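Pasting the sequence and the predicted coordinates here, then a few questions.
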Amino acid sequence: MSLTGNKFDPNTDIPDLSGKVYVVTGGSAGIGYGIVAHLLQHNPAKIYLLSAKEQHAIDAQTSLADWGDAKKVEWRQCNLESLKQTDEVARTLAKELTQLDGLICNAGLGVGVYNETEDGLDSHMQVNHFAQAHLALTLLPVLQKTTDSRLVFQSSDLHRAAPSSTKFESVEEINKDIGAMLLYNRTKLAQVLFARELVKRIQADQFGSVTADKGQPWINATHPGGVNTEQQDQAVEAYGTLGKIGVKAVQPFMKDPVKEGCRPALFAATSPVIVEEKIQGAYIVPDRKVTDVSKQGMDEHLQTNLWKLTQEVLETKVGKLDYAM
C-alpha cells in the first residue's frame, strides 16, 4: 500500500491486531461505533469504549457481537462535559494500562446551540478539545512506551471555516456564543492545532527523550467526510425549520458511519503505512489521503495560544496535573 491510492477498506486493510489495546472516545454510536466494530473485527486484546450514556453502551456491546468477541470491549463511563469525571477515567486508565496501541479521540458535539458545562466552559470546546486533550496528555506516557502507538484526533474540513477572529487567548473569548456552526468549526481547528503542537513538543523532548521506537506516538488529525450521524439532530435543534430543511437536503449524500465514515481514523490508528511513510502531525481525509490544513491550521502563533489556554483551563478546572505542559 502507498498513498498513491486513496481507498482503505477496514474489512480487509486493517492488519491483525492480536495483542493490541485501544481506547476510543464516543465509541457507542455513529463513527465511534464503526471504529470500535472494525477494531474488534481484527482481533485486538482489548478495547476501552468511553462514552457518557450507559444505555447506548449496552446497545453497542450487544450489536458488537456481530463483529467479534464483544467481551473484549469494556465500557467506561466518561462524560466529557465533566472534567472531574474525565480526569478520574484518565488517571485510572493510566494506572491500569501497561500498553496502549491507539487512543482515538473521536467523541464530539456537532453543530449545535451554545451551552456551558458544569465547569463553566463552552460545551463544544470542552467536549471536542479540552477534555480529550487532558485524556490524551494523561495517557501519553503509556502511548510513549508502546512501539508505534497511535493518537488520532477526529477533526473536520469545517476547521477551514473557523472564524478569522479566533485567537485562543482567553476563556472569555471561548465563552462567547458565536453561532452554532462557528462554535463547531472553531473546535475542529483546535484539534488540528493541538495535534501539530503536541508533535512539536514531543520532538523537543518536553515529554521525555525520544528514540527510534519509543517516546513518539504517531499523532494525526482526520476528517471523516460528510457522515450521517446523530450530530444532524443538533443542527436541527440549533436552526429549527431551516436546519431541518438543510439536513434533509444533504442526508442522501452523506456516508454511512460504519461502512465509510470511520475509515480515515482507522487508517490513522492501524495502518502500517503510517509508520512506513512516517505520517506524523498530518491531516488525513477520506479514505487515506494526506492534505494541507487551512492557513489558520498552520499558524504556529495560534498553536502556542491554544496550548497556553488549554494549560490554563486544565490547571484551573482539574487542579494538579500528572504532566507538565
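Looks like it came in fine.

how many neighbours does the closest residue in space to E118 that isn't next to it in sequence have?
Excluding the flanking residues, the one nearest E118 by Cβ to Cβ, 6 or more residues apart in numbering is S82, at 5.8 Å. Bear in mind the C-beta positions are built from the backbone N, C-alpha and C, glycine included. The tally of other residues near S82 (other Cβ atoms under 10 Å) stands at 17.

Hmm, S82 is touching S123, no?
No - counting by Cβ atoms under 8 Å, S123 is not a contact partner of S82; they are 10.9 Å apart.

So for the two, which residues contact both of them?
Common contacts of S82 and S123 (Cβ atoms under 8 Å, 6 or more residues apart in numbering): T117.

re the thing from before, which residues does the residue nearest to E118 contact?
Contact partners of S82, counting by Cβ under 8 Å, 6+ apart, are T117, E118, D119.

What's the PyMOL line that selects buried ones from those residues?
Applying 16 or more other Cβ atoms under 10 Å to the contacts of S82 leaves a buried subset, and the PyMOL line that selects it is:
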select buried, resi 117+119
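
Now tabulate the contacts of S82 in TSV and tack on pLDDT.
Listed next are these as TSV, based on pLDDT from 0 to 100:
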residue	pLDDT
T117	98
E118	97
D119	98
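
need the contacts of S82 in CSV with secondary structure, can you?
Formatted as CSV, those follow (DSSP: H, G, I helix; E, B strand; the rest coil):
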residue, secondary structure
T117, coil
E118, coil
D119, coil
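
Below-threshold pLDDT in the stretch 1-150 of the chain: ranges please.
1-5 (pLDDT under 70).

residue boundaries of the helices in this protein?
Assigned by DSSP state H, the chain shows helices spanning 30-41, 54-63, 83-96, 123-125, 131-144, 171-174, 180-203, 231-250, 263-270, 273-276, 300-317.

D13 is nearest to which of these?
Taking Cβ to Cβ, helix 263-270 is the member of the helices of the chain nearest to D13, at 7.7 Å.

What is the closest one packed up against?
Applying 3 or more Cβ pairs under 8 Å, 6 or more residues apart in numbering; DSSP states H and E, one finds that helix 263-270 contacts helix 30-41, strand 102-105, strand 150-154, strand 218-222, helix 273-276, strand 283-285.

Just name the most buried of the ones you listed.
Ranked by mean neighbour count, the helices and strands packed on helix 263-270 are led by strand 102-105 with a mean of 29 (mean count of other Cβ atoms under 10 Å).

Determine the set of other helices and strands touching that strand.
Judged by 3+ Cβ pairs under 8 Å, 6+ apart, strand 102-105 is in contact with strand 21-25, helix 131-144, strand 150-154, helix 263-270.

so what strands line up beside that strand?
Partners of strand 102-105 in the sheet, by DSSP bridges, are strand 21-25 (parallel), strand 150-154 (parallel).

With just CA atoms, put that strand into PDB.
C-alpha atoms of strand 102-105 as PDB (Å, rounded to 0.1, in the frame of the first residue of the first chain):
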ATOM      1  CA  GLY A 102      -4.100   3.500  20.000                       C
ATOM      2  CA  LEU A 103      -6.100   6.400  21.500                       C
ATOM      3  CA  ILE A 104      -8.800   7.600  19.100                       C
ATOM      4  CA  CYS A 105     -10.300  10.900  20.300                       C
END
